[in-house]
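Novice: my questions concern the predicted model and sequence given below.
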Amino acid sequence: MKLKIDTMPTEEGFFGNYGGQYIDENLKNEFKKIADKFLELKDDKSFNDELNYLLKHYVGRPSAMYFAKNLSQKYGAEIYLKREDLNHTGAHKINHSLGEALLAKRMGKTKIIAETGAGQHGVATATAAALMGLECDIYMGEIDIQKEKPNVDKMRILGANVVCVKEGSRTLKEAVDAAFRAYINEYETAIYAIGSVVGPHPFPMIVEHFQSVIGKEAREQFLEMTNSLPDYLVACVGGGSNSIGIFNGFLEDGEVKIFGVEPLGKSEKIGENAASLTYGKDGIIHGFKCKLLQDENGDIAQAYSIASGLDYPGVGPKHCYLQQIGRAEYVTISDKEALDAFFELSKMEGIIPALESSHAVAYGLKLAQKNPNKRILINLSGRGDKDVEFVLSHKN
Ligand SMILES: *Cc1c(COP(=O)(O)O)cnc(C)c1O
């Protein structure tokens, strides 16, 4: 059953009603240049040769497709994992960070500016910048800097300049605001490298393109291993980059049911989760329109999840569109369920997942229990080294 799904946004950057470009007039011209250069390079042979060389020899792609035999026996369905946790730097983020850095070079920029929350996007960006000889400023909230010391140390070792943001709640949202303010003054020599399929057009389109390598590989690998497509495809959704990356490989395969897993955190109450597609209303954050967590006054609400890579109050516009047209279903998993899945995968298969990815694993295991003999593909977006200390200190 072949479906036809638009993969590209409109020229103004809309996926259905979502996305767009709600930004300072000064930046519109520059963003058009970035969009045009990207559209030219994405089909350019020398650009793709360079990117593919790095994906293979530096990142270690293709990432493995693994049949989780022990979990499959226990839960009764066939469970497969796409192993983005095996990538250099430990997660899928390096896929788009390298792409963005290469784009920066081709545009003649000398610096990358980025924000980071937990530090994962900061480390991936600092890595790409080190490799390509670009300067790198990473904006990070003061609270996050204290909480995420190992990642801050890594960014500094890699040569990045970590800029401490002391406004507001001193976390991710303010870091994005500060990074954008800095960028407005430096756009002639710098490029902004966003951490997910969010932000104003053209960033969602660019990040989605570089992450789509996951789904492209996964479809081929799955067909080769099983001679079929998965019945269910599952990935966690923060901003939505690892999920859209794997979903894109299967969007037109109508027989594949697609699930995006949002963090339910502690409860359904606004402020205690980060499930934007489940509990959000249409709104604008960081220059684009999406499902957005808002309080009773319509102000942007605090987002919370045990997995700091998932606690963003908005979500990528393409996901809002896929939800609207019914091509993907968005479900939730609580902190507690994610923690249980973290230990289950570690103990059953010897793979310690990131807490973000544990949300996808938890939902995949639920599907397996209810649907014996089906084939389930879970995107394992990253590894759990960064979470070990936190998980042990919260296991009472
Ligand atoms: C950052 C991160 C996520 C969430 O980001 P998406 O853009 O939704 O993919 C998920 N998993 C890991 C391991 C991460 O580092």
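Specialist: Here it is on my side, so go on.

Novice: would you state the helices of the stretch 251-396 of the chain in chain order?
Specialist: Secondary structure of the stretch 251-396 of the chain by DSSP state H, counting those that start in this stretch: the helices cover 276-279, 317-324, 335-349, 355-370, 388-393.

Novice: next, the buried residues of stretch 110-128.
Specialist: Residues 111-128 are the ones in stretch 110-128 that count as buried (16 or more other CB atoms under 10 Å). Yep, even glycine has a C-beta here, placed from its N, CA and C like the rest.

Novice: repeat that for stretch 16-35.
Specialist: Buried residues in stretch 16-35, counted by 16+ other CB under 10 Å: Gly16, Tyr18, Gly19, Gly20, Gln21, Ile23, Leu27, Glu30, Phe31, Ile34, Ala35.

Novice: how far away from the center of its chain is it?
Specialist: 21 Å (CA atoms, centre = their mean, to the nearest Å).

Novice: closest to the centroid, which residue in this protein?
Specialist: Ser241 (3.2 Å; CA atoms, centre = their mean).

Novice: how about the contacts made by it?
Specialist: Contacts for Ser241 (CB atoms under 8 Å, 6 or more residues apart in numbering) come out as His92, Lys93, His96, Gly195, Ser196, Val197, Val207, Glu208, Gln211, Gly316.

Novice: mind listing which of the residues you listed are in helices?
Specialist: If you go by DSSP state H, the contacts of Ser241 have Lys93, His96, Val207, Glu208, Gln211 in helices.

Novice: and the ligand, which of those contact it?
Specialist: Under the cut-off given by CB under 6 Å from any ligand atom, the ligand has Lys93 from the ones in helices among the contacts of Ser241 close to it.

Novice: in JSON lines, list the ones in helices among the contacts of Ser241 along with neighbour count.
Specialist: Formatted as JSON lines, the ones in helices among the contacts of Ser241 follow (neighbours: other CB atoms under 10 Å):
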{"residue": "Lys93", "neighbour count": "29"}
{"residue": "His96", "neighbour count": "30"}
{"residue": "Val207", "neighbour count": "29"}
{"residue": "Glu208", "neighbour count": "25"}
{"residue": "Gln211", "neighbour count": "26"}
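
Novice: quick one: list the elements packing against the helix or strand containing Ala178.
Specialist: Using DSSP states H and E, Ala178 falls within helix 172-186. Secondary-structure packing of helix 172-186 (3 or more CB pairs under 8 Å, 6 or more residues apart in numbering; DSSP states H and E): strand 111-116, strand 135-141, strand 161-165, strand 190-192.

Novice: who wins for proximity to Thr278 among those?
Specialist: strand 111-116 (24.5 Å; CB to CB).

Novice: direction-wise, compare the next helix or strand after the closest one with helix 355-370 and give the angle.
Specialist: Along the chain past strand 111-116, the next helix or strand (assigned with DSSP H and E) turns out to be helix 120-132. Helix 120-132 runs at 120 degrees relative to helix 355-370, counting by axes from the mean of the first three to the mean of the last three CA atoms, to 10 degrees.

Novice: residues in contact with helix 120-132?
Specialist: The list of residues contacting helix 120-132 from outside it, by CB under 8 Å, 6+ apart, reads 54, 58, 88-89, 91, 93-94, 97-98, 100-102, 104-105, 112, 114-116, 134-136, 138, 140, 151-152, 154-155, 158-160, 162, 193, 195-196, 309, 382, 386.

Novice: quick one: which of the contacts of Ser241 is nearest the ligand?
Specialist: Top of the list for closeness to the ligand, among the contacts of Ser241 and by CB to the nearest ligand atom, is Ser196 at 3.4 Å.

Novice: the helix holding Ala178 close to the ligand?
Specialist: No. Applying CB under 6 Å from any ligand atom, one finds helix 172-186 out of contact with the ligand, separated by at least 10.7 Å.

Novice: buried residues, that helix. List them.
Specialist: So helix 172-186, judged by 16+ other CB under 10 Å, has buried residues Leu172, Lys173, Glu174, Ala175, Val176, Asp177, Ala178, Ala179, Phe180, Ala182, Tyr183.

Novice: what does stretch 85-97 give?
Specialist: Neighbour-count burial for stretch 85-97 [16+ other CB under 10 Å]: 85-97.

Novice: and the residue of the chain found nearest the ligand, bridged to which residues?
Specialist: Here the chain gets closest to the ligand at one residue, Gly382, 2.4 Å apart by CB to the nearest ligand atom. Assessed by DSSP bridges, Gly382 has beta-bridge partners Ala91.

Novice: quick one: it and Gln120, what's the gap?
Specialist: Per CB to CB, to the nearest Å, Gly382 is found 7 Å from Gln120.

Novice: likewise Val198?
Specialist: For Val198, the distance to Gln120 - CB to CB - is 15 Å.

Novice: what residues does this protein have near the ligand?
Specialist: Counting by CB under 6 Å from any ligand atom, the chain sits next to the ligand at 91, 93, 120, 196, 236-243, 309-310, 354, 356-357, 381-382.

Novice: show me which of these are buried.
Specialist: For the residues of the chain next to the ligand, buried by 16+ other CB under 10 Å: 91, 93, 120, 196, 236-243, 309-310, 354, 356-357, 381-382.

Novice: to Gly76, which of the helices of the stretch 251-396 of the chain lies closest?
Specialist: helix 355-370 (6.2 Å).

Novice: buried residues, that closest one. List them.
Specialist: Of all the residues in helix 355-370, those buried under the rule 16+ other CB under 10 Å are 355-368.

Novice: returning to what we had before: what's the residue of the chain closest to the ligand in contact with, if anything?
Specialist: Shown in contact with Gly382 (CB under 8 Å, 6+ apart): 84-85, 90-93, 120, 242, 309, 353-354, 356-357.

Novice: please parse this structure into its domains.
Specialist: Domain assignment for the chain by automatic domain parsing gives 17-55+93-208, 60-90+212-393.

Novice: the last one: end-to-end distance?
Specialist: When you say that, I think you mean domain 60-90+212-393. 32 Å (CA to CA, to the nearest Å).
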